[in-house]
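Q: predicted structure and sequence below. I'll ask about it afterward.
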Amino acid sequence: MTRPVVVDSSAIVALLTDAGPMGDWVAANLEGATLAAPSLAPFEAANVLRRQLLLSAIDETEASLAHQDLVELSIELWPYATLAERTWQLRANVTVYDAAYMALAELLGAPVVTLDA
């Protein structure tokens, strides 16, 4: 069985778009892992792709290819109901979005791969 790793939208987008050091770092940390994320992750990642396209950080072709790769990405998505109680408990210290990733990492005993500071 492969080790689970919780991956957030920043890491997903870097994996799908960045051939540079950030993308390499994410790829190295996800190698051989089973990817897991809260069910909101693909929506967040698609929104990041949209924002990068609007800011001309990536072009239309790269955005479309990355979006297709996102759709095909093998990732275990966890529903809100499973993470809701712990997510709510963490609300005073982090956003509910970040808390969902933290709650999943706690549940799985897994690290979180993120590019967020």
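A: Arrived safely, thanks for sending.
Q: got the CA positions of stretch 38-47 in CSV?
A: Taking C-alpha atoms only, stretch 38-47 is exported to CSV below (Å, rounded to 0.1, in the frame of the first residue of the first chain):
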residue,chain,number,x,y,z
PRO,A,38,-11.0,17.5,0.6
SER,A,39,-13.6,17.4,-2.2
LEU,A,40,-13.3,21.2,-2.7
ALA,A,41,-9.7,20.8,-4.0
PRO,A,42,-10.4,20.5,-7.7
PHE,A,43,-12.6,23.6,-7.6
GLU,A,44,-9.9,25.5,-5.9
ALA,A,45,-7.3,24.3,-8.3
ALA,A,46,-9.4,25.2,-11.3
ASN,A,47,-9.9,28.7,-9.9
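Q: residues in contact with it?
A: 7-9, 12-13, 16, 67, 70-71, 73, 75, 77-80, 83, 97, 100-101, 103-104 (C-beta atoms under 8 Å, 6 or more residues apart in numbering). The C-beta positions use only the backbone N, C-alpha and C, and glycine is treated the same way.
Q: can you say which of those residues are buried?
A: Buried members of those, counted by 16 or more other C-beta atoms under 10 Å: 7-9, 12-13, 16, 67, 70, 73, 75, 78, 83, 100-101, 103-104.
Q: low pLDDT regions in the chain?
A: Residues of the chain meeting the criterion pLDDT under 70: 1, 19.
Q: in the buried ones among the contacts of stretch 38-47, find the pair that's most separated.
A: Spanning the widest gap among the buried ones among the contacts of stretch 38-47 are His67 and Ala103, at 26.8 Å by C-beta to C-beta.
Q: among the contacts of stretch 38-47, which are in helices?
A: 9, 12-13, 16, 67, 70-71, 80, 83, 97, 100-101, 103-104 (DSSP state H).
Q: columns distance to Asp59 on top of those residues, output as JSON lines?
A: Formatted as JSON lines, those follow (distance: C-beta to C-beta, whole Å):
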{"residue": "Ser9", "distance to Asp59": "20"}
{"residue": "Ile12", "distance to Asp59": "19"}
{"residue": "Val13", "distance to Asp59": "15"}
{"residue": "Leu16", "distance to Asp59": "14"}
{"residue": "His67", "distance to Asp59": "13"}
{"residue": "Leu70", "distance to Asp59": "16"}
{"residue": "Val71", "distance to Asp59": "19"}
{"residue": "Tyr80", "distance to Asp59": "34"}
{"residue": "Leu83", "distance to Asp59": "35"}
{"residue": "Tyr97", "distance to Asp59": "28"}
{"residue": "Ala100", "distance to Asp59": "31"}
{"residue": "Tyr101", "distance to Asp59": "29"}
{"residue": "Ala103", "distance to Asp59": "36"}
{"residue": "Leu104", "distance to Asp59": "33"}
